[in-house]
Structure formats: structure tokens, C-alpha cells
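[1] Can you look at this prediction? I've put the sequence above it.
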Amino acid sequence: MFNDRINKVQDALSKSSLDALVLIPGASQVYVSGLHFHLMERPVVLILKRGGSQAIILPELELQKLADLPYEITSFPYGENPEEWSLAFRKATTYLGLDGKVIGMEPLSLRMMEYGYFREAASKAIFQDAQELISFLRLTKEEREVSAQREAVNIAQIALENTLPSIKIGMSEKEIAGELVVQLFRSGSQPELPFSPIVSAGLNSANPHAVPTDRKIKKRDLLVIDWGASVDGYISDLTRTFAIGEVDPEMIKIHKIVQEANAAGREAGGPGKPCADVDIAARNVIEKSGYGKFFTHRTGHGIGMEAHEEPYMRGDNQQVMLPGMTYTVEPGIYLPGINGVRIEDDMLVTQTGSESLSNMERQIIAIG
């Protein structure tokens, strides 16, 4: 698998203006190499040069991870003294002949530390944004990737189903989030979750990216739970909104509107269609209901090894959907100081349309 992915990188490099690609610990490095490293104070850099050479700069203590790799790679290890680390960069860039070359990097991840070592080791090199190249490589998922995402969705849904009976009036958002994390692990998620669960109730639920607080849930609250699981490095990202006891009729109304918008967005996806169609379909439902100004974010984003990756479901994004793309549909209505609603599902573009990987009940349910 990783030989195939390295070949895909080499093919992409041959069609680009780049002479090499550098990747630091994160999803793309794992995707290409299968190597897992922590992003830490010790730099780890994978370098792929156009033409087939691979090298890696890494701490000596990590060398065992290179044993039994199914492909060839030249290592440039270094010890614990930071004053010696620049030498490893000089050796690697000299070995690959990178001085004066065009080097691609991920602008959202390459740190000033690694960039500084490269500038010192290859002062004539030109660094360029390679995000488009890297995103294209990961854009459509192989069957094994989709299978892992399906399992991540299944685990997440089971975990929340097992959490709901424990939710009672008077519990805090933090307590609910803690119980959900426990259930995610019990249900089979990898320990490294895609993100910390969002559990927000009442006025906090009107904040799309709220952080769980000590606020205790109470009657008439809406409770938004945004959560996900990880399987083999691939993730799920789901949201459901619940009623705490009996809630105001307007809250039932906006939940129904968001539910309809979610359905419209799920229906709008398919091969050959622009990503914008998903956003437009969901947004039209909410705007026609009179709540358009309270839907304050895009309708969705790609998912895979990261919780946010391409494609992005925005109304201005004409990127064409392809079979194998996976993404979210998550419309919402947020009434500041009152309550908020979001319903989110994970989608797969198929050969003929789109498929929802998630099937947990979307109707409003009273709990607590």
C-alpha cells in the first residue's frame, strides 16, 4: 500500500514544478509512509525527491520504526543535543541535492523550526505551497479507508447510544463529555480521538464550536453533541441535538428545519456535481424558513485522516465531487443567548450518488 502511495507522490511531483516534498508528523506523513511520529520539540521530516529518492531526518531514539519498511529510505538520525540537529538537515539536503531546488511543503503544518533548519541547510532552495498536490492525493478514499470510516461511524453511534441513558438534569457539559469519551473507548475507538467532543446546552449550544463547561443542563435546554471516533487512523464526525425535557415550540420548529436542511444536503451530493450544490441545497431550506442569518458556517467539510480536510462544502466551491470522496453535511441554526441546533452526518460519494455512512435517529429526542 505504501509503495503505491509513494509512487502516487512521485507521479504527482513529476507533473508539478516541485523537485521535492517535505512532510512533518501528521496525517499526510502517515498517509504516505505509514510511519507514526509525535509532533514534538525533536524534528522529524520525511523528504520525497522527484525521481524516486526518499529520506527521513529523525531522532536516534526513533530509528527502530524504520525496521521492516516495505520501501527503501535513507535515514539521517541525530542525538539529543539541539546544536547538532542542523547537521542532520545539511546531510539530508546535500544527499538529495536540494540546494537551489523547489521544495513543496504543507503551509498549515510546517513549523518555523523545520523551515529554519532547511533555510540554513539549503539557502538557495525555494519553498512553495504544495497543499493542493497533497490534498489531491488524499481526496478520494480507497476501499480500506472507507471501511475504516464506516467502522468509526458505527463505533461513534454505539458510544452515544450507550451514553444517553446516563444523561440527567443537573449533569454538567463536562460530565457528559467525559462519559462519552469513556464509551467511545469501550466501543472500540482508538485512544487518539479526532477531536474532543463538543457538548453544549442552552445558550452554549448557540456557539458552533463550544467547549464543554461546568454549566449544568436543565429543562428547556437543547443539547448539542458533536463527537467522533477513530479507527486505523480514520475518523468519524457526527452531531445530534436533543431536548432536555419539554422545550419551547420554536426550538422544535428550528430542529425540524435543520433536519430538513440536513436531508436536502445529503440528497444533493453525487459524482460530477459541484461541492457548492450541497451547501446551496441545505442553506436554501434554512433561508426559506427565515432563519438564514442564524446559519453561520459552511454546510460541511471533507473527512478522512483529519476531521477537516478537502473537499469543503461551501456555496462558492465549484470543485467537482468524485467517487470515493467522504464529507460531512452539518447545517445548523444558532439563536444567540437562547439555543442552537446542528445535525451532522458523514457521507460517501458513490458511482451513482451519495451514501450516508451514519444512520442514527435524526428526529428530536427528549432526554434527561
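    Received it, and whenever you're ready, just let me know what you need.
[2] Buried residues of the helix or strand containing residue 120, list them for me.
    Using DSSP states H and E, residue 120 sits in helix 112-121. The neighbour-count check on helix 112-121 (16 or more other Cβ atoms under 10 Å) flags 114, 117, 118, 121 as buried. Yep, even glycine has a C-beta here, placed from its N, CA and C like the rest.
[3] tell me which strands and helices it is in contact with?
    Judged by 3 or more Cβ pairs under 8 Å, 6 or more residues apart in numbering; DSSP states H and E, helix 112-121 is in contact with helix 85-96.
[4] Contacts made by the helix it packs on with the rest, please.
    Residues outside helix 85-96 that contact it (Cβ atoms under 8 Å, 6 or more residues apart in numbering) are 20, 42-43, 45, 47, 49, 53, 55, 57, 74, 76-78, 99, 117-118, 120-122, 125.
[5] From residue 299, how far out is residue 191?
    Distance of residue 191 to residue 299, given as Cβ to Cβ, to the nearest Å: 30 Å.
[6] the more surrounded of these two?
    Neighbours per residue (other Cβ atoms under 10 Å) separate residue 191 from residue 299, with residue 299 holding more: 31 against 8.
[7] Test my guess that the more buried one contacts residue 264.
    No - Residue 299 sits out of contact with residue 264 when judged by Cβ atoms under 8 Å, with a separation of 9.6 Å.
[8] anything in contact with each of those two?
    residue 282.
[9] can you give me the angle the helix holding residue 120 makes with helix 85-96?
    60 degrees (axes from the mean of the first three to the mean of the last three Cα atoms, to 10 degrees).
[10] Please put the alpha-carbon coordinates of helix 112-121 into CSV.
    The C-alpha trace of helix 112-121 is given here as CSV (Å, rounded to 0.1, in the frame of the first residue of the first chain):
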residue,chain,number,x,y,z
MET,A,112,9.2,27.7,11.7
MET,A,113,11.7,25.3,13.4
GLU,A,114,11.9,22.9,10.4
TYR,A,115,11.7,25.7,7.9
GLY,A,116,14.6,27.4,9.7
TYR,A,117,16.8,24.3,9.5
PHE,A,118,16.0,23.9,5.8
ARG,A,119,16.8,27.5,5.1
GLU,A,120,20.1,27.1,6.8
ALA,A,121,21.0,23.8,5.1
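[11] For the stretch 1-150 of the chain, just list every one of the strands.
    20-23, 45-49, 53-59, 74-78, 102-105, 126-129 (DSSP state E, counting those that start in this stretch).
[12] and the ones you listed as a markdown table, adding mean pLDDT, mean neighbour count and distance to residue 214?
    As requested, those are exported to a markdown table (pLDDT from 0 to 100; neighbours: other Cβ atoms under 10 Å; distance: least, Cβ to Cβ, whole Å):
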| stretch | mean pLDDT | mean neighbour count | distance to residue 214 |
| --- | --- | --- | --- |
| strand 20-23 | 98 | 25 | 40 |
| strand 45-49 | 98 | 23 | 42 |
| strand 53-59 | 96 | 21 | 40 |
| strand 74-78 | 98 | 17 | 45 |
| strand 102-105 | 97 | 22 | 41 |
| strand 126-129 | 96 | 15 | 42 |
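[13] which one of those lies closest to residue 227?
    Residue 227 sits nearest to strand 20-23 of all the strands of the stretch 1-150 of the chain, at 28.6 Å, using Cβ to Cβ.
[14] Nearest residue to residue 174 in space, please, no chain neighbours.
    residue 212 (4.7 Å; Cβ to Cβ, 6 or more residues apart in numbering).
[15] distance of that neighbour from residue 178?
    In terms of Cβ to Cβ, residue 212 sits 8 Å off from residue 178.
[16] go on, residue 216?
    Residue 216 sits 14 Å away from residue 178 when distances are taken as Cβ to Cβ.
[17] That'll do, ta.
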